[in-house]
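# what's the 3D shape of this:
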Amino acid sequence: MDYKAISALLEKYWEGETSLAEEAELKAFFSEPPADLPEDLVEAAPLFQYIAAEAQFPAEPEWDMSFLQETPPQQAPARVVHMQPFRNWMKYAAIVLMLAGIGYAFRQHRETKLIAARQEAEERRAYMEAKKALALLSRNFNKGTDKMQQLSYFNTAVEKLQGSN
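Next up is the predicted model:
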């Protein structure tokens with residue numbers, strides 16, 4: 001057979017466009033390939049030889065497909081679940097601890113605000129007392145300044161009298 005025709009049939013085979021008669025022709029050609037095959041045809045020879053060797057073995061008997069038939073589902077008897085409210089006591093303990101921590105934080109915050117308010121009131125009272133003390137000191141200094149002014153007039157008068165002599 002012509003190698004060009006076999007090459008064309010082989011190309012059609014790889015594309016999936018051959019008929020059964022053309023495939024049989026390829027199988028017959030490659031079942032006993034000549035020794036001087038071109039390189040592109042030598043690659044396909046083992047495939048067709050394998051197909052021919054496998055065709056000699058009989059097909060396996062049909063499988064028993066009864067296992068694929070649907071079986072009705074077996075229902076397990078209903079299980080009674082006894083609820084134990086304190087079974088997961090760690091969860092409850094964690095919740096109690098969280099609430100205690102939140103309560104403690106709120107209490108500390110309130111006490112801090114109260115202490116800050118007391119401290120502010122004490123600072124305001126100390127400021128007012130210091131202001132009163134400074135006002136009293138200022139008044140007393142002003143009294144002393146008046147007397148010093150009079151003494152200053154007297155000293156200038158004495159200096160004038162001593163300077164005229």
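# three-state assignment of P33?
The local conformation at P33, judged by DSSP: H, G, I helix; E, B strand; the rest coil, is coil.
# contacts only, for it.
Shown here is P33, whose contacts under the criterion C-beta atoms under 8 Å, 6 or more residues apart in numbering are L41, V42, A45. All C-beta atoms are positioned from the backbone trio N, CA, C, and that covers glycine.
# how many neighbours does I6 have?
Number of residues near I6 (other C-beta atoms under 10 Å) recorded here: 20.
# actually K27, not the one I wrote
A count of nearby residues for K27, using other C-beta under 10 Å, gives 14.
# check which helix or strand covers it.
With elements taken from DSSP states H and E, the one containing K27 is helix 20-31.
# distance from that helix to the middle of the chain?
Distance of helix 20-31 from the chain centroid (C-alpha atoms, centre = their mean, to the nearest Å) equals 63 Å.
# what residues sit buried inside the helix or strand just after it?
Moving toward the C-terminus from helix 20-31, the first helix or strand encountered (DSSP H and E) is helix 39-42. Buried residues in helix 39-42, counted by 16 or more other C-beta atoms under 10 Å: L41.
# helix 39-42 packs against which elements?
Contacting helix 39-42 under the criterion 3 or more C-beta pairs under 8 Å, 6 or more residues apart in numbering; DSSP states H and E are the following elements: helix 3-15.
# list the contacts of the helix it packs on.
Outside of helix 3-15, the residues that reach it under the criterion C-beta under 8 Å, 6+ apart are T18, E22, E23, E25, L26, F29, L37, P38, D40, L41, A44.
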